[in-house]
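> Just to be clear, the model below is a prediction. Sequence and coordinates:
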Amino acid sequence: RIPNTGAELMPMRADPEKSMARNLLALVPDFWHCNQRLWQDKLGQISLATTTLFWGVSGNLRYIVLAWAAAALGYGTTQASSLVGVVAIGAALIRDGKVVWTGVAGAQTDKQPATRDTLFNIASMTKPVTAELVMRLVQAKRVGLDEPMARVWMDPDVAGDPRAKRLTPRMALSHQTGLPNWRPQNQRLTFMREPGTGFIYSGEGIELVARFAARKLRADFEDLAEAEVFRPMGLTRIAYTWRPWMEGRVAVPANGNGYPGTAGPHPYGHWLGADDIYATVGDYAAFVAGVARGDGLSAALRAERLRP
């Protein structure tokens, strides 16, 4: 149990006038003020000091290992990166709504370097892709942001709970379903709080809205993504599940020995709306740029993304 130390820790969202959506500049002084208050709190001091020490030391040790590997072992960046658990890395620069640079370094496999054609598992960054698909379906008036999903489909674990009848795409996309991130292994999905009463990051919620949309439209979810998001945005190297063109291009993760292990895209048709898309750095960057520009959505619907 954490004792009450007397420190007032009030989130910014408690004051609508200081919300990030209304005033981005309010973040800087608010962060500085909150940081000072935390350092004045005894438990806060322990937490901040420990965290700072841990991340500071571990971050510096990674650079030391890289430098040592280059000097003592003659390793290049790709070889040295495997010693610190980083097999490959990709980055992109977006300026004024356009992708102006992409770069990739490291190893795609133990025998193949990573390139701009390498496909990365982007894990939870799948969620914005699914969210964009749902928003475009809303734009086309094929799905409603505030229609009850249970009228079409609901996860069997919570279908009998009256709260499930209140779940909407808006709640799912804003992580306010009241459901956990993922249900515990071999256990049933249950609500953690009342729907619409607060934020809980939830992969389960994203899965709900993805399967709701597919069932309502009686369409294959991946075909919807291709037609509504990938093709209009010109994305040709991104997919939820395995495709023949992925052969020889997938970056595989490192195992406990520091060498690439075995993993890859889910079999075709076994998609997740919240996880495990594979994409090149360039394609995902182009997706992000398109979303930032608001492509395919009206001004009103774009504003819904930022509404508190």
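Cool, the structure landed.
> How about I206: what's its closest non-neighbour residue?
Computed as C-beta to C-beta, 6 or more residues apart in numbering, the closest residue to I206 that is not its neighbour in sequence is A274, at 3.9 Å. In short, each C-beta sits where N, CA and C put it, glycine included.
> Tell me, how many residues neighbour that neighbour?
Residues lying near A274 (other C-beta atoms under 10 Å) number 23.
> One more: the one 5 residues further on?
Neighbouring residues of A279 were enumerated by other C-beta under 10 Å; the total is 25.
> dump the residue contacts of P169.
Shown in contact with P169 (C-beta atoms under 8 Å, 6 or more residues apart in numbering): V134, V138, V143, G144, L145, D146, E147, M149, V209, F212, A213.
> Would you agree the first one is in contact with R142?
The reference is to V134. No: using C-beta atoms under 8 Å as the test, V134 is too far from R142 to be in contact (9.9 Å).
> what about the helices in this protein?
27-40, 42-72, 77-83, 126-139, 169-173, 203-217, 221-225, 231-233, 281-293, 299-306 (DSSP state H).
> With mean pLDDT and distance to I94 as extra columns, can I get the ones you listed in TSV?
What follows is these, written out as TSV (pLDDT from 0 to 100; distance: least, C-beta to C-beta, whole Å):
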stretch	mean pLDDT	distance to I94
helix 27-40	78	21
helix 42-72	75	25
helix 77-83	63	24
helix 126-139	97	14
helix 169-173	96	22
helix 203-217	97	24
helix 221-225	97	21
helix 231-233	97	14
helix 281-293	96	5
helix 299-306	90	17
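> Could you list the low-pLDDT ranges of the stretch 151-300 of the chain?
Along the stretch 151-300 of the chain, the parts satisfying pLDDT under 70 run over 254-263.
> out of the helices of the chain, nearest to R243?
Closest to R243 of these, according to C-beta to C-beta: helix 221-225, at 9.7 Å.
> so what does the closest one touch, helix or strand wise?
Applying 3 or more C-beta pairs under 8 Å, 6 or more residues apart in numbering; DSSP states H and E, one finds that helix 221-225 contacts helix 126-139, helix 203-217.
> so can I have CSV of those helices showing distance to D117?
Supplementary listing: the helices and strands packed on helix 221-225 in CSV, determined by distance: least, C-beta to C-beta, whole Å:
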stretch, distance to D117
helix 126-139, 20
helix 203-217, 28
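> TSV for these, including mean neighbour count and distance to D110?
Supplementary listing: those in TSV, determined by neighbours: other C-beta atoms under 10 Å; distance: least, C-beta to C-beta, whole Å:
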stretch	mean neighbour count	distance to D110
helix 126-139	22	26
helix 203-217	22	31
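> Which of these sits closest to G282?
Nearest to G282, of all those, is helix 126-139, at 14.9 Å by C-beta to C-beta.
> what helices or strands is that closest one leaning on?
Packing partners of helix 126-139 (3+ C-beta pairs under 8 Å, 6+ apart): helix 169-173, helix 203-217, helix 221-225, helix 281-293, helix 299-306.
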